[in-house]
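Engineer: this one's sequence-less:
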């Protein structure tokens, strides 16, 4: 998929460049673009290291477990058919907490463990259960405490107010997750007859 | 007020983490170093993708193709109040994380991080995920072939992120 998008962009660039008489500028921009990528990565490097370091401290100190305890009551609402102490719910709660803290390296293995647990109790192998759909929808939306990458990018681009987007991001991501969850609930109700 | 709140969150979280970890008598510097090393690995891991993508996007923009695409989509974006420049980001976001990052960095450079477009791009980038990648990894891991209603529900959430992201910026940055 990405191959087609990437190839398409380059082909389109040459076609449009030829039509607009900009071929030389297009060729030149490949070089500047590649150079900009490295500059940008270097700009991100410090913050990325610092924040990952902080998060590792949080993880080792058991902050994930502490936060997970706060999220647990929510699972009754999201996964009414599962008991709050089941291994599937435990893995899902840990995954959501890790995502919330921005521990993406830890979140994926926890999420895959949750999927494996959910698959054990899935009566229709090969077809996603309602719990799986809900869990994946929550994971494809993102609620994170600090969107570090974007903030750093903004600072590197010379923003006067790199943190200014923080509250808007929270509002926006919470709304998106709520809409996703409601949509999943409604769609689950719609084909209840087919997968019970 | 909100800006002070926003700017104070990060130092506050650092304080909580350090305080909590020291109370638990954890070797915090060792933990920090090992985490920072992971951060380094992550960034170098995506660097090749970023070079390829930012180069392609810069070419795409220089040639005038990006402007054409933006104009082409304006009948949809105009009535919704979404800045046209955001659409390439909105389209690529569910498919590729590094692709979206490349577009955001290009937008921040061309429009400025504190412009309306720059802010909307930042909010949309910060509040959405790479939907199809997550879907493929999670369902692939347990051999799910039929994802039922996951895609429409997830894409609806992405669309909500785009719309709410735009409107929240109208409210917050009174444009």
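Structural biologist: Here it is on my side, so go on. It should be emphasised that the depicted structure is a prediction, and the values quoted were computed from it without experimental measurement. Numbering: from 1, shown residues only, chains lettered A, B, ... in the order given.
Engineer: can we go C-alpha only for contacts and neighbour counts from here?
Structural biologist: OK.
Engineer: what's the nearest residue to residue 32 if we skip its chain neighbours?
Structural biologist: By default, I'm working from chain A. residue B:55 (7.2 Å; Cα to Cα, 6 or more residues apart in numbering or on different chains).
Engineer: my question was about chain B
Structural biologist: Nearest non-adjacent residue to residue B:32, counting by Cα to Cα, 6+ apart: residue A:53, 3.9 Å away.
Engineer: same question, residue A:144
Structural biologist: residue A:100 (4.2 Å).
Engineer: before we move on, what about residue A:30?
Structural biologist: Counting by Cα to Cα, 6+ apart, the residue nearest residue A:30 is residue B:55, at 4.7 Å.
Engineer: Report back the residue of chain A that's furthest from centre.
Structural biologist: residue A:21 (40.2 Å; Cα atoms, centre = their mean).
Engineer: ugh, wrong one, chain B
Structural biologist: Here chain B reaches farthest from its C-alpha mean at residue B:25, the gap being 35.6 Å by Cα atoms, centre = their mean.
Engineer: ranges for the helices of the chain?
Structural biologist: All of this refers to chain A. A:2-19, A:23-60, A:63-78, A:87-101, A:104-120, A:130-140, A:148-156, A:166-190 (DSSP state H).
Engineer: That was the other one, I meant chain B.
Structural biologist: B:2-23, B:28-62, B:65-80, B:87-92, B:97-111, B:116-127, B:131-141, B:150-172.
Engineer: Next, the angle from the first one to helix A:148-156.
Structural biologist: In this structure, helix B:2-23 runs at an angle of 120 degrees to helix A:148-156, with axes from the mean of the first three to the mean of the last three Cα atoms, to 10 degrees as the basis.
Engineer: Which secondary structure element of chain A has the lowest mean pLDDT?
Structural biologist: In chain A, no helix or strand scores lower on mean pLDDT, DSSP states H and E than helix A:63-78, which sits at a mean of 88.
Engineer: Break chain A into its domains for me.
Structural biologist: Per automatic domain parsing, the structural domains of chain A span A:1-61, A:62-196.
Engineer: Out of those domains, flag the one nearest residue B:137.
Structural biologist: Closest to residue B:137 of the domains of chain A is domain A:62-196 (Cα to Cα; 8.3 Å).
Engineer: got a list of what the spatially most central residue of chain B touches?
Structural biologist: Nearest to the geometric centre of chain B sits residue B:125, at 2.2 Å (Cα atoms, centre = their mean). By Cα atoms under 8 Å, 6 or more residues apart in numbering or on different chains, the contact list for residue B:125 reads A:150, B:93, B:100, B:101, B:104.
Engineer: Show the buried residues in those.
Structural biologist: Burial by neighbour count, judged by 16 or more other Cα atoms under 10 Å in any protein chain shown, picks out A:150, B:93, B:100, B:101, B:104 from the contacts of residue B:125.
Engineer: so what's the second one up against?
Structural biologist: Going back to what we said before, that points to residue B:93. Going by Cα under 8 Å, 6+ apart, residue B:93 touches B:99, B:100, B:125, B:128, B:129, B:130, B:131.
Engineer: let's go with 10 Å and repeat that
Structural biologist: Residue B:93 makes contact with B:87, B:99-101, B:103, B:124-125, B:128-132, B:158 under the criterion Cα atoms under 10 Å, 6 or more residues apart in numbering or on different chains.
Engineer: For these, give me a markdown table that also has pLDDT and distance to residue B:117.
Structural biologist: Below are the contacts of residue B:93 laid out as a markdown table (pLDDT from 0 to 100; distance: Cα to Cα, whole Å):
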| residue | pLDDT | distance to residue B:117 |
| --- | --- | --- |
| B:87 | 93 | 11 |
| B:99 | 92 | 18 |
| B:100 | 95 | 15 |
| B:101 | 93 | 15 |
| B:103 | 95 | 12 |
| B:124 | 96 | 11 |
| B:125 | 96 | 12 |
| B:128 | 93 | 17 |
| B:129 | 91 | 19 |
| B:130 | 92 | 21 |
| B:131 | 94 | 23 |
| B:132 | 93 | 25 |
| B:158 | 96 | 18 |
